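[1] structure of the sequence below:
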Amino acid sequence: TSNGNYITQSSGASFRVEEYKKPEFIVNVKSENNETRPGEKARVKVNAMYYFGASVASAKVHYKVMKNPYYYYYYKKRAYDWFYDYEGYNRIYGEKNSAYGTVLQEGDLVTDNDGNCYIEFQTEKGTVDYKYDVLVDVVDSSRREIKGSTSLKVTKASFYAFIDFEQGFYTKGEKASIEV
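    Numbering: from 1, shown residues only. Next up, the predicted model:
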């Protein structure tokens, strides 16, 4: 400040772990469709299996389907990509099993004897591509809750092509190198 006084701030938090229990089962969430186009119905399979191999039968499943516009980005590989791996950063530090956007559908299901249940939802038909995040909470008979998630990209096209130039500007008659 102007009179030479300094203000410092600090913060902190503490917590206590009463008990840690290893997860007893795993939840796999996967789209049954290889490709889903706008306006088509999407079908997602939820599978819950105990680590010792048995199915998690009659488990309560709460699910939420979130919808967001999806935009394509192309990042050319560059030196030290391992250091600037933003996707890897989000995998490590981002909050897993969370999403943002519009809630398209939410509901409750029960797994069958094989530990499976299916979520179906209608994708939006239009001019925008969408990413649908499916978030699942599975609770077994001993009231242990395990989360799972998947994402579906619903696009108008099967693929997108990007072009990249070695440099930003060229003069008339200069040979341009293009990478597709």
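[2] below-threshold pLDDT in the chain: ranges please.
    1-8, 75-78, 81-99 (pLDDT under 70).
[3] and the helices in it?
    For the chain, helices defined by DSSP state H occupy the ranges 86-93.
[4] residue closest to the middle of it?
    When CA atoms, centre = their mean is applied to the chain, the residue found nearest the centroid is Ser151 (4.8 Å).
[5] distance of the closest residue to it other than its chain neighbours from Ala176?
    Distance criterion CB to CB, 6 or more residues apart in numbering; nearest residue to Ser151, sequence neighbours excluded, is Asp133 at 5.2 Å. All C-beta atoms are positioned from the backbone trio N, CA, C, and that covers glycine. When distance is defined by CB to CB, to the nearest Å, Asp133 is 40 Å away from Ala176.
[6] and these two? Which one has more around it.
    The residue with more neighbours, out of Asp133 and Ala176, is Asp133; 19 against 9, by other CB atoms under 10 Å.
[7] excluding residues flanking it in the chain, which one is nearest Val61?
    Of all residues not flanking Val61 in the chain, Leu109 sits nearest, at 4.3 Å (CB to CB, 6+ apart).
[8] correct me, but the one you found touches Gly115?
    No. Contact criterion CB atoms under 8 Å: Leu109 and Gly115 do not qualify, at 12.0 Å.
[9] what's the burial count for Tyr51?
    When neighbours are counted by other CB under 10 Å, Tyr51 registers 10.
[10] just Phe121 next, same as before
    Neighbours of Phe121 (other CB under 10 Å): 17.
[11] going forward can the numbers begin at 44, since that is how I track them
    Shifting the count to begin at 44 puts that one at Phe164.
[12] so what's the residue nearest to Val104 up against?
    Residues near Leu152 by CB atoms under 8 Å, 6 or more residues apart in numbering: Val89, Val104, Tyr106, Cys160, Tyr161, Ile162.
[13] how far away is it from Asn159?
    According to CB to CB, Leu152 and Asn159 sit 10 Å apart.
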